[in-house]
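[1] I would like to see how this sequence folds:
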Amino acid sequence: MGLEPAAFKGSHTEDIISAVFGHLKDGYKFNEEEPLNFKDQQFNQNPNLSDQCFCLVYVLPADVFQYTDDRLIEKLKIIRKRISDKGIPQVVVMTKMDEACPLVNKDLRKMYTSKKIKEKMELCSAKLGVPLTNIFPVKNYHNEIDTDDDIDVLLLKALEQIVQLADDRLEICLTE
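    Numbering: from 1, shown residues only. Next up is the predicted model:
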């Protein structure tokens, strides 16, 4: 179950925040009716480091991001603010960039020089509050039969940065 724009649809922001902080026990079933609270049996009062997340990744489609419901954006902002308050880094993987820009559709190597891609990333940064340096444009595999080095480089570069951010955050937690 993911986030949905409507107030009582999809996952609750509090459940997502609790999951990031390690408060959800294994087997917890997300409930549209109400979020988990600290009195519930499935609430982990004292999460170990292995229960926690050290980087939150939002995966958002670039081709339709500008049409995203403002109520969903507000939910994402709530999550971002609470997670940021604890120092957990956040990144956005913007998918379908090739569908958002004809130039990039023809040549993926133009990803970081395309004005249209830059505009999409800036819009995402402005709406969500995630720094531009933490927004990674990628192309999805969907019609390809074989792997493509240009697609792989974008995906692996994003993954490398995510792992580095998470590792940096874990190092901080280990010294606290």
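[2] give the rounded mean pLDDT of stretch 56-68.
    Averaging pLDDT along stretch 56-68 yields 93.
[3] name the helix or strand for Glu14, please.
    helix 13-21 (DSSP states H and E).
[4] show me how far the following helix or strand past that helix is from its chain's centre.
    With elements assigned by DSSP H and E, the helix or strand that comes after helix 13-21 is strand 56-61. Centroid separation between strand 56-61 and its chain, computed with CA atoms, centre = their mean, to the nearest Å, is 3 Å.
[5] and the angle from the helix or strand following strand 56-61 to strand 56-61?
    Following strand 56-61 in sequence order, the next helix or strand is helix 70-85 (DSSP H and E). Orientation note: helix 70-85 sits at an angle of 160 degrees relative to strand 56-61 (axes from the mean of the first three to the mean of the last three CA atoms, to 10 degrees).
[6] in the chain, which residue is closest to the centre?
    Closest residue to the average C-alpha location of the chain: Tyr58 at 1.2 Å, with CA atoms, centre = their mean.
[7] by contact count, what packs against the top helix by length along the chain?
    If you go by DSSP state H, the chain has its longest helix at helix 149-175. If you count contacts as 3 or more CB pairs under 8 Å, 6 or more residues apart in numbering; DSSP states H and E, helix 149-175 packs onto strand 90-95, strand 135-137. All C-beta spots, glycine's among them, are computed from the backbone N, C-alpha and C.
[8] before we move on, the earlier item: with just CA atoms, put the helix holding Glu14 into PDB.
    The C-alpha trace of helix 13-21 is given here as PDB (Å, rounded to 0.1, in the frame of the first residue of the first chain):
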ATOM      1  CA  THR A  13       2.100   9.400   6.900                       C
ATOM      2  CA  GLU A  14       2.600   8.300  10.600                       C
ATOM      3  CA  ASP A  15       3.000   4.700   9.600                       C
ATOM      4  CA  ILE A  16       5.700   5.600   7.000                       C
ATOM      5  CA  ILE A  17       7.500   7.700   9.500                       C
ATOM      6  CA  SER A  18       7.300   4.900  12.100                       C
ATOM      7  CA  ALA A  19       8.700   2.500   9.600                       C
ATOM      8  CA  VAL A  20      11.700   4.700   8.800                       C
ATOM      9  CA  PHE A  21      12.400   5.100  12.500                       C
END
